[in-house]
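Novice: show me the folded form of this:
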Amino acid sequence: MPGHTRAAGHPDDTVLVHASAASPGRPAGTVIAAPRGWYDAGDYNKYVPSAAISTWTLLALLEHFPDAYRGEDVNIPESGDAVPDLLDEAMWNLDWMLAMQDPQDGGVYHKLTNLRFDAMVLPHEAMREPRHVVAKSTAAALDFAATMAVASRVVAAYEGRWPGLSQRMLAAAEAAWRWAQAHPAVHFKNPPDVLTGEYGDTQLADERAWAAAELYITTGKDSYGAAMQLDLPPTTVPAWDDVRALAWMSLAHHRARLGRAEDRALVARGVDALAARLARQSKAAGYRVWMEGPDFVWGSNAVMLNGAMLLLQGYRLNPKPEYLAAAQSGLDWVLGRNPTARSFVTGFGARPSLHPHHRPSIGYKLAAPVPGFVTGGPNPLQQDKAECPPYPSRLPALSYLDHACSYASNEVAINWNAPLVYVTAALRALTPKETTMKPPLANLDDLLREEEQLRFERFSNADALDIGMRLVALAREAGKPVTIEIRRNGALLFAHATDGAPPDHAEWIRRKANLANRLGHSSYYVHTEVLARGGDIDAMPGFDARDYAAHGGAFPIVVEGSGQIGTITVSGLPGPQDHALVVCALRAWFKRGA
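Specialist: Numbering: from 1, shown residues only. Reported below is the predicted structural model:
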């Protein structure tokens with residue numbers, strides 16, 4: 001892409017077997033080739049655990065939505081080869097993963113890295129250090145087995161393009177499974193001379209269940225079916241070190257391959273129960289997302305997107321609108337509808353992340369980073385705070401630092417980007433197409449006429465109370481949870497939240513009222529005017545989206561001879577309805593003595 005072309009990265013065709021990975025057939029120092037593969041994150045190293053969940057996510061998209069990328073050219077070298085570009089991209093990493101298996105015993109090396117992290121330079125400037133495959137691990141073998149079992153199913157449809165590859169992948173998966181069965185607790189830990197990322201995991205029941213499920217789906221063998229652990233339903237969204245939900249998502253898609261009807265029903269209930277919980281949490285939250293304080297960890301945006309992916313599986317099983325809405329809210333969060341008012345995807349949105357912890361983006365020395373990367377997201381643990389400028393907040397959803405130093409909140413990673421690809425494609429496929437045209441924009445002259453008609457001769461505290469109670473009555477009559485606030489010259493005269501109104505309404509009220517106070521028009525008038533001119537209501541020049549919201553609901557209190565003295569603001573409904581509620585109450589108030 002223009003401005004971001006560079007020399008090829010590490011060829012990895014002469015990689016050393018580290019002492020920790022030595023075997024009789026491959027003693028320490030043996031030179032092997034393990035080319036291709038994706039750099040894991042902001043560094044230049046490659047790790048099987050993160051590669052496995054990332055590759056599985058792309059392969060699952062191809063299984064679940066086979067038309068999602070059919071015929072779509074994403075401008076990679078393989079484009080136009082009669083294979084979906086998404087599969088061509090996944091094959092780049094699958095080829096590397098196959099090379100990470102020891103052909104003599106089926107074990108899988110945990111990672112391919114330098115002994116230490118590279119400087120913040122482009123990859124061709126970082127090739128002075130020797131590269132190593134480091135230690136086999138049970139987690140890597142099981143992750144590999146699961147991913148290759150899925151790849152075998154997907155690649156089988158392209159036998160003409162890759163003759164024999166499907167069977168080779170399945171054989172590799174089963175060999176890795178046998179190694180893991182013979183070595184059930186080989187936990188990875190960095191050797192003393194290796195300082196790169198660890199991806200260590202000592203809880204392997206989830207990896208074992210995932211590998212067994214994928215192998216059972218592919219082969220139908222009872223031995224794998226017995227190891228799937230259907231008595232342990234998923235309770236958390238997937239992550240590289242907690243992959244049980246991946247097994248259940250695959251089983252849900254392939255329910256017909258489960259022999260017993262009760263097993264099919266059990267899988268459907270397990271996925272639906274988790275989706276229902278996430279949807280309930282989303283509905284109760286201010287920003288309509290399911291995550292709570294403890295969920296904001298390193299890579300919180302991946303947590304959000306993996307939750308959205310799980311919600312979409314629930315929707316495929318049980319098409320409840322609230323599941324789809326909650327998944328959409330998760331994507332909206334990552335793209336900018338969040339307390340930071342920032343898009344966490346480089347190159348996209350009104351205020352995207354600009355300074356990711358990503359060596360190529362830094363090495364290019366350009367004003368904008370490589371577009372399309374999901375940055376880590378808010379992380380109140382702030383593991384990098386000793387090396388970075390102060391974070392703006394310790395509050396979970398605000399603890400984000402758009403700075404290249406911030407590996408704890410602003411790094412990029414393949415297992416964060418993969419669910420973004422899945423969720424965007426799945427939402428496009430599952431969201432019902434609009435059957436009616438969007439309503440036309442309100443008439444600006446009509447909105448101005450409202451403002452002129454609804455002016456006061458005077459405005460007292462008693463007037464504020466009367467109007468506020470009228471708004472409460474209208475909201476209760478409609479059964480709508482809203483929050484109401486009336487201010488005069490900054491002083492709070494009336495405030496009320498009806499039952500069910502979430503706390504984030506106060507923030508919306510602040511931002512909408514700020515806009516009405518600054519421009520002297522209702523926030524809905526500004527909303528309509530900006531859209532009528534082809535502008536972006538979330539990126540108005542000179543208006544920081546963190547402090548101003550061009551959505552209906554704030555109405556100016558104008559007193560004849562004095563001008564605007566305050567605002568009446570409602571939040572909780574779509575903007576036009578918030579505005580209409582205020583106007584309805586005001587019209588009733590002005591008619592009270594007629």
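
Novice: low-confidence ranges, this structure, go.
Specialist: Scanning the chain for pLDDT under 70 picks out the ranges 1-3, 434-439, 593-594.

Novice: just to be sure, residue 212 is in a helix?
Specialist: Yes: per DSSP: H, G, I helix; E, B strand; the rest coil, residue 212 lies within a helix segment.

Novice: do you know how far it is from residue 306?
Specialist: Per CB to CB, to the nearest Å, residue 212 is found 21 Å from residue 306. All C-beta atoms are positioned from the backbone trio N, CA, C, and that covers glycine.

Novice: out of these two, which sits in the more crowded spot?
Specialist: Taking other CB atoms under 10 Å, residue 212 and residue 306 do not tie; residue 306 has more neighbours (28 against 24).

Novice: now do the contacts for the more buried one.
Specialist: Residues in contact with residue 306 (CB atoms under 8 Å, 6 or more residues apart in numbering) are 237, 238, 239, 245, 419.

Novice: setting aside sequence neighbours, what's the nearest residue to it?
Specialist: Take residue 306 and drop its neighbours on the chain: the residue closest to it by CB to CB, 6 or more residues apart in numbering is residue 237, 4.5 Å away.

Novice: now residue 573
Specialist: Distance criterion CB to CB, 6+ apart; nearest residue to residue 573, sequence neighbours excluded, is residue 480 at 5.9 Å.

Novice: now the terminal residues of stretch 276-291, how far apart.
Specialist: 14 Å (CA to CA, to the nearest Å).

Novice: quick one: the strands in the stretch 51-200 of the chain?
Specialist: Remark: strands assigned in the stretch 51-200 of the chain by DSSP state E, counting those that start in this stretch are 109-113, 132-136.

Novice: counting by contacts, list what the first one packs against.
Specialist: Read it as strand 109-113. Secondary-structure packing of strand 109-113 (3 or more CB pairs under 8 Å, 6 or more residues apart in numbering; DSSP states H and E): strand 46-47, helix 48-64, strand 132-136, helix 138-155.

Novice: put together CSV for those, with distance to residue 336 and mean neighbour count on each row.
Specialist: Formatted as CSV, the helices and strands packed on strand 109-113 follow (distance: least, CB to CB, whole Å; neighbours: other CB atoms under 10 Å):
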stretch, distance to residue 336, mean neighbour count
strand 46-47, 30, 29
helix 48-64, 23, 26
strand 132-136, 39, 26
helix 138-155, 32, 29
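
Novice: what's the closest of those to residue 339?
Specialist: Closest to residue 339 of the helices and strands packed on strand 109-113, according to CB to CB: helix 48-64, at 26.9 Å.

Novice: quick one: distance of the closest one to the chain centre.
Specialist: When distances are taken as CA atoms, centre = their mean, to the nearest Å, helix 48-64 is centred 15 Å away from the chain's centroid.

Novice: and what of stretch 139-158?
Specialist: Taking mean C-alpha positions (CA atoms, centre = their mean), stretch 139-158 and its chain are 24 Å apart.

Novice: so where do the strands sit in the protein?
Specialist: With DSSP state E, the ranges of strands along the chain come out as 15-17, 31-32, 46-47, 109-113, 132-136, 483-488, 491-497, 554-559, 563-571.
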